[in-house]
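*Asks:* Take a look and give me a structure for this.
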Amino acid sequence: MRFSVLASGSSGNAVVVEAGSACVLLDCGLSYRQLRERMEPLGVTPQRIQAVFISHEHDDHVCGLDVFLRRHNVPVLATAGTAAALSSARVADTLVSGREVHVGDLTVLPVATSHDAAESVGFVVEHDGCRAGVVTDTGVLTELLIERLSGCHALMLECNHDPDLLRYGPYPWPLKQRIASRTGHLSNEQACAGLDRLAHGGLEVVVGMHLSRENNRPEMVRRDLARTLSGGHVHIDVADQDRPVAVEVRGPGRREG
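*Replies:* Reported below is the predicted structural model:
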């Protein structure tokens, strides 16, 4: 499988997943022009997208959806709560946490997250024995999330903020409380604590996602992730708001030496 994180952060989110004959989009929080321009160097076109999966209704995850759908008649999949909040969007099917959806050769499992949205989810995607988790916008890694993410060969995991940068940063106190709450966003420390439980010999790739521009630094995320995964052979990357990041996941028995 190949994951192309076109953008990740509070200004927009979109991830292209390719596996076998399938090509889907996880969230559509970029303008159509930005989507097309960021797909092009990766050899992807909007015409290849077969379905759009929406994690939740916040603008940074859906602001480009209506224009995309005017140009491409593809199904949109979201939970019932998210669908109700997206009154202007066409939702072809309803996602239910724990119920798999199949698009071509790809299996997508939505998993409930803890966020201040109507009914937010993350995703575990699987193809031919290869599993990867994509989880942003959750205030905590619940036991359900840990269970569903166990055994993944790639983890794209929110590392939104450093607690000290958030605490002493410029945000107003109510916003700081929201971000640090159980329905806010994962800190680097929380992500690493979860990663410590999820790391295993088959883990190939970890990507830090949804970094705050004001309350985090890419070098801090890389340092913390590397410290947690010390001694392993895991590729570490950090998603960006302004540049696409592409990673390939081979899965069991396919790793190169």
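
*Asks:* Which parts of this protein are helices?
*Replies:* Applying DSSP state H to the chain gives helices spanning 32-39, 59-62, 65-71, 80-85, 143-149, 163-168, 173-180, 188-198, 218-228.

*Asks:* which residues are in contact with the shortest one?
*Replies:* Counting by Cβ atoms under 8 Å, 6 or more residues apart in numbering, helix 59-62 makes contact with 9-13, 27-29, 54-55, 86, 89, 137, all of which sit outside it. Every residue, glycine included, has its C-beta placed from N, CA and C.

*Asks:* picking up where we left off before, which of the helices of the chain sits closest to Leu157?
*Replies:* For the helices of the chain, distance to Leu157 was read as Cβ to Cβ. The smallest value, 5.2 Å, belongs to helix 188-198.

*Asks:* Output the closest one in CSV with nothing but the alpha carbons.
*Replies:* Taking C-alpha atoms only, helix 188-198 is exported to CSV below (Å, rounded to 0.1, in the frame of the first residue of the first chain):
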residue,chain,number,x,y,z
ASN,A,188,3.5,14.2,21.6
GLU,A,189,3.7,12.5,25.0
GLN,A,190,0.3,10.8,24.5
ALA,A,191,1.2,9.7,21.0
CYS,A,192,4.5,8.2,22.2
ALA,A,193,2.8,6.4,25.1
GLY,A,194,0.4,4.8,22.7
LEU,A,195,3.2,4.0,20.3
ASP,A,196,5.1,2.3,23.1
ARG,A,197,2.2,-0.1,23.4
LEU,A,198,1.7,-0.5,19.7
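
*Asks:* per-residue confidence averaged over that helix?
*Replies:* Helix 188-198 carries an average pLDDT of 98.

*Asks:* Just the angle for it relative to helix 218-228, thanks.
*Replies:* Angle of helix 188-198 versus helix 218-228, following axes from the mean of the first three to the mean of the last three Cα atoms, to 10 degrees, is 30 degrees.

*Asks:* Correct me if wrong: Glu158 contacts His185.
*Replies:* Yes: between Glu158 and His185 there is a contact under Cβ atoms under 8 Å: 6.2 Å.

*Asks:* Give the residues shared as contacts by the two.
*Replies:* Common neighbours of Glu158 and His185, using Cβ under 8 Å, 6+ apart, are 137-138, 210.

*Asks:* Which members of those residues occur in strands, if any?
*Replies:* Among the shared contacts of Glu158 and His185, none falls in strands (DSSP state E).

*Asks:* for these, which one is nearest Met1?
*Replies:* Met1 has its nearest neighbour among the shared contacts of Glu158 and His185 in His210, at 20.4 Å by Cβ to Cβ.

*Asks:* what's around that closest one, how many residues?
*Replies:* 26 (other Cβ atoms under 10 Å).

*Asks:* Now it. Nearest residue, chain neighbours left out?
*Replies:* With sequence-adjacent residues excluded and distances taken as Cβ to Cβ, 6 or more residues apart in numbering, His210 is closest to Thr136, at 4.2 Å.

*Asks:* ok, back up a step: taking the contacts of helix 59-62 together, which two end up most distant?
*Replies:* Within the contacts of helix 59-62, Gly9 and Ala89 form the most distant pair, 21.7 Å apart (Cβ to Cβ).

*Asks:* what's the span of stretch 76-93, first residue to last?
*Replies:* 7 Å (Cα to Cα, to the nearest Å).

*Asks:* Mind listing residues that contact that stretch?
*Replies:* 51-57, 62, 65-66, 69, 75, 94-97, 101, 108, 110, 117-121.

*Asks:* With that, I have no additional questions.
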